[in-house]
Structures are given as C-alpha cells and as structure tokens.
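Colleague: Give me a model of this one.
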Amino acid sequence: MTDKRFHLFWFHHAGGSSSFYLDWLTLLPTNWEVHLIELPGRGLNFSTPFYSCWDELLSSINKQIAQISYDNFAFAGHSLGAMIAHRLAVHRYNRDESLPIWLGLSAIRAPDIVSKTQYHKLDDDELRYELNDVYLIK
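Modeller: Residues are numbered from 1 along each chain as shown. Below you'll find the predicted structure:
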C-alpha cells in the first residue's frame with residue numbers, strides 16, 4: 001500500500017531544539033507527518049558531539065532520513081535549519097537521491113546572493129570590530 005501522507009522534515013534554528021516547534025504540530029493538516037530533526041548537542045541529542053564539517057552533518061542527517069524516506073516529502077528550516085535544509089537538498093541532488101517536493105526556508109538569504117559582510121572570513125580582531133561597529137557588541 002502506498003503511503004499517501006505528506007512528510008515534512010523540519011530543521012530547527014541554531015540556538016534552539018526541535019521542541020520549540022512542538023506546538024506547531026497541532027496547526028498542520030492531519031495527513032502531515034512531521035519529523036522534527038534534532039541537531040547534535042541540542043534537545044534530546046544534548047550529549048551528542050557537534051560535527052566539525054558540513055559533510056559529516058549532512059551525511060548523518062541523510063542516513064536518518066533514508067530510514068524513514070518517502071516519495072511525498074519536504075524539507076523546511078529556520079535560520080541555521082534553513083541552511084541545513086537547503087544543503088541537504090543539494091547533497092541529495094548530487095547523489096541522485098530522491099528530492100523534496102518542496103523546500104521551505106526562512107530567516108536566510110537566497111543561496112545565490114553573496115553576503116556583503118562575509119563574517120566567516122574575518123579574523124578575530126576584524127570580527128570584534130564589525131560586531132562592535134554594526135551591532136554595538138563589545
């Protein structure tokens with residue numbers, strides 16, 4: 001029998017855990033099955049060490065999804081979760097694996113728009129200066 005439910009894989013933001021989104025589950029259609037993906041070091045995975053590179057993280061999440069993969073699925077995420085959802089879709093595309101029918105991303109710029117700031121490329125002193133200058137953080 002074919003599974004007719006819609007499966008949404010949700011990726012939480014950097015500072016939170018999947019439990020942040022539990023209240024949302026009651027707002028979604030009853031034929032949706034939501035899979036709240038818990039990142040390492042967060043929520044129920046608090047004792048799991050963080051990954052040191054994207055490939056490790058994406059491969060791990062992809063293995064989790066492969067165990068419960070369906071034809072009718074989507075990825076969604078907020079902030080860091082949006083980065084993960086997008087990169088995971090690309091990861092699956094590059095491996096010729098099934099792709100989500102929808103990709104929902106929030107609190108992140110489109111992947112083809114380059115950040116003007118490039119904070120990740122600044123050394124410590126430059127980053128401190130930028131954070132103080134732009135965000136008044138000392």
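Colleague: Going by C-alpha atoms from here, please, whenever you check contacts or count neighbours.
Modeller: Fine.
Colleague: All the strands of the chain, in order from the start?
Modeller: For the chain, applying DSSP state E gives strands covering 6-11, 32-37, 73-78, 102-106.
Colleague: In JSON lines: these, plus distance to residue 18, mean neighbour count and mean pLDDT.
Modeller: Converted to JSON lines, the strands of the chain look like this (distance: least, CA to CA, whole Å; neighbours: other CA atoms under 10 Å; pLDDT from 0 to 100):
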{"stretch": "strand 6-11", "distance to residue 18": "7", "mean neighbour count": "21", "mean pLDDT": "94"}
{"stretch": "strand 32-37", "distance to residue 18": "6", "mean neighbour count": "16", "mean pLDDT": "93"}
{"stretch": "strand 73-78", "distance to residue 18": "10", "mean neighbour count": "22", "mean pLDDT": "96"}
{"stretch": "strand 102-106", "distance to residue 18": "15", "mean neighbour count": "16", "mean pLDDT": "96"}
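Colleague: Give me the below-cutoff pLDDT ranges for this protein.
Modeller: Applying pLDDT under 70 to the chain picks out residues 1-3, 69, 133-138.
Colleague: Grab the most central residue of it for me.
Modeller: When CA atoms, centre = their mean is applied to the chain, the residue found nearest the centroid is residue 81 (2.5 Å).
Colleague: Make sure it is actually in contact with residue 16.
Modeller: No. Applying CA atoms under 8 Å, one finds residue 81 not in contact with residue 16, separated by 10.0 Å.
Colleague: residues contacting residue 47?
Modeller: Residue 47 sits next to 40-41 when contact means CA atoms under 8 Å, 6 or more residues apart in numbering.
Colleague: can you pull the contacts of the residue nearest to the centre of the chain?
Modeller: Per CA under 8 Å, 6+ apart, neighbours of residue 81: 10-14.
Colleague: go with 7 Å
Modeller: Residues in contact with residue 81 (CA atoms under 7 Å, 6 or more residues apart in numbering) are 11-13.
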